[in-house]
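1. When you get a sec, could you give me coordinates for this:
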Amino acid sequence: MLYPGNITIWLSLLACFLHKGSSQQFFQFHGFVQGTSYQVSYYAATPLVERREVDSILLRIDSSLSIYKSYSLISRFNSSVDGVQMDEYFKAVAEKSFEVYYRTKGKFDITVAPLVQLWGFGPNAISKFPEQTVIDKTLANVGMELIGLRGNRLTKKKPDVQIDMNGIAQGYSADEVARYLDSKGLQSYMVEIGGEIVVKGSKPDGSGYHIGIEGPPLNGYGPALRKIVSINHGAITTSGNYIKYLQNKNNRISHLIDPKTGYPLQNSMISVTLYAKDAITADGYDNAVMAMGVKEALQFVAAQKNVEAYLVYRKKDGSVADTMTLGFQHLIKN
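-> Numbers count the residues shown, from 1 in each chain. So this is what the prediction gives:
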């Protein structure tokens with residue numbers, strides 16, 4: 001199963017009623033794969049897609065990219081001496097990972113897998129947090145300069161290099177399901193996998209799909225709904241540190257690990273929600289933007305084509321604030 005690292009969007013199909021006189025019906029089904037839940041919703045005259053078809057797609061991706069399956073292609077890469085031949089799923093995610101790695105100057109790095117495990121967020125349980133000597137030793141095998149793409153082969157320069165694509169794979173999975181819906185002729189749908197969302201088309205009444213965006217809890221009770229956006233195309237993903245963490249005495253240990261220092265991120269950012277043309281782009285960049293300061297994050301997103309951001313962060317006085325790009329403001333539903 002793929003680790004559900006970014007389940008920070010609350011999904012709400014508000015007012016999903018048929019447009020009067022429309023021949024379009026509303027269809028929806030749910031499932032559980034890759035260690036998380038998913039939901040597919042669409043409008044059509046007759047049912048065109050079934051749950052078993054989507055399950056089949058996601059299980060195939062799981063067999064390629066899940067570090068929790070010993071037989072998966074990524075597990076074979078991690079146990080190999082010098083690399084493996086990639087299938088179409090592995091290659092697509094690997095190529096995008098290199099793109100995001102270079103554009104974020106290493107803030108996104110799939111070779112962070114051993115560090116993720118050291119801090120207790122990998123497949124195996126830990127009995128204690130790592131000491132500096134162990135972190136230093138592990139860092140010697142971290143860095144995407146230690147892996148390379150050679151045609152259909154992903155190579156490694158050191159046998160102990162391991163990768164983890166969970167920070168981008170669910171976005172890719174949502175895109176793959178969306179592509180399948182396209183192939184079936186669907187013109188209006190929403191795909192959500194573990195909080196990563198892809199939307200195409202409007203509802204029969206002409207309105208967009210409504211998506212609620214969570215933030216940290218108010219008064220200590222559960223995540224709070226902060227914004228609602230309305231979109232009819234593109235993808236939205238969120239990365240945050242207020243839901244998935246470990247406790248070390250009075251300190252929270254974030255699941256987001258800095259590949260340069262080997263330590264969990266500790267900065268002002270609480271959550272990052274990105275809008276992009278596809279979910280693999282939004283999902284790939286949201287963790288990297290989490291590693292930035294607010295000003296740096298806004299400048300970085302502004303430099304990316306067709307990417308918008310909504311940021312929740314903690315101010316110096318401890319209070320919670322938010323900000324967003326101009327393009328994201330246009331998505332907000334009042």
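2. tell me the mean pLDDT for the helix or strand containing residue 289?
-> If you go by DSSP states H and E, residue 289 is part of helix 279-290. For helix 279-290, mean pLDDT rounds to 96.
3. Next secondary structure after it?
-> Next along from helix 279-290, by DSSP H and E: helix 294-302.
4. tilt between that next one and helix 279-290?
-> 160 degrees (axes from the mean of the first three to the mean of the last three CA atoms, to 10 degrees).
5. Pull up the distance across stretch 319-327, start to finish.
-> 25 Å (CA to CA, to the nearest Å).
6. Give the rounded mean pLDDT of that stretch.
-> 94.
7. and that stretch, how far out from the chain's middle?
-> 20 Å (CA atoms, centre = their mean, to the nearest Å).
8. Next: stretch 198-217.
-> Distance, stretch centre to chain centre, for stretch 198-217: 17 Å (CA atoms, centre = their mean).
9. in it, what's buried?
-> By 16 or more other CB atoms under 10 Å, the buried positions in stretch 198-217 come out as 198-204, 208-211, 213-216. Glycine gets a C-beta too; all of them are placed from N, C-alpha and C.
10. Stretch 272-286 now?
-> Buried positions in stretch 272-286, judged by neighbour count with 16+ other CB under 10 Å: 272-276, 278-286.
11. for the stretch 151-300 of the chain, what spans make up the strands?
-> 153-156, 189-193, 196-200, 209-215, 224-231, 233-240, 245-248, 251-254, 269-276 (DSSP state E, counting those that start in this stretch).
12. want to try a markdown table for these, with mean pLDDT and distance to residue 135 as columns?
-> Shown next, in a markdown table, are those (pLDDT from 0 to 100; distance: least, CB to CB, whole Å):
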| stretch | mean pLDDT | distance to residue 135 |
| --- | --- | --- |
| strand 153-156 | 98 | 20 |
| strand 189-193 | 97 | 32 |
| strand 196-200 | 97 | 30 |
| strand 209-215 | 89 | 31 |
| strand 224-231 | 90 | 34 |
| strand 233-240 | 94 | 23 |
| strand 245-248 | 54 | 14 |
| strand 251-254 | 66 | 13 |
| strand 269-276 | 95 | 22 |
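13. can you list the ones you listed in CSV and add distance to residue 28?
-> Output for the strands of the stretch 151-300 of the chain, formatted as CSV (distance: least, CB to CB, whole Å):
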stretch, distance to residue 28
strand 153-156, 37
strand 189-193, 9
strand 196-200, 14
strand 209-215, 12
strand 224-231, 18
strand 233-240, 18
strand 245-248, 32
strand 251-254, 34
strand 269-276, 23
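14. Can you give the distance from the longest helix anywhere in the chain to the centre of its chain?
-> Across the chain, the longest stretch assigned as helix under DSSP state H is helix 166-183. Centroid separation between helix 166-183 and its chain, computed with CA atoms, centre = their mean, is 11 Å.
15. just checking, residue 67 touches residue 113?
-> Yes: applying CB atoms under 8 Å, one finds residue 67 in contact with residue 113, separated by 6.9 Å.
16. list the residues that contact both of the two?
-> Residues within reach of residue 67 and of residue 113 at once, by CB atoms under 8 Å, 6 or more residues apart in numbering, are 78, 122, 164.
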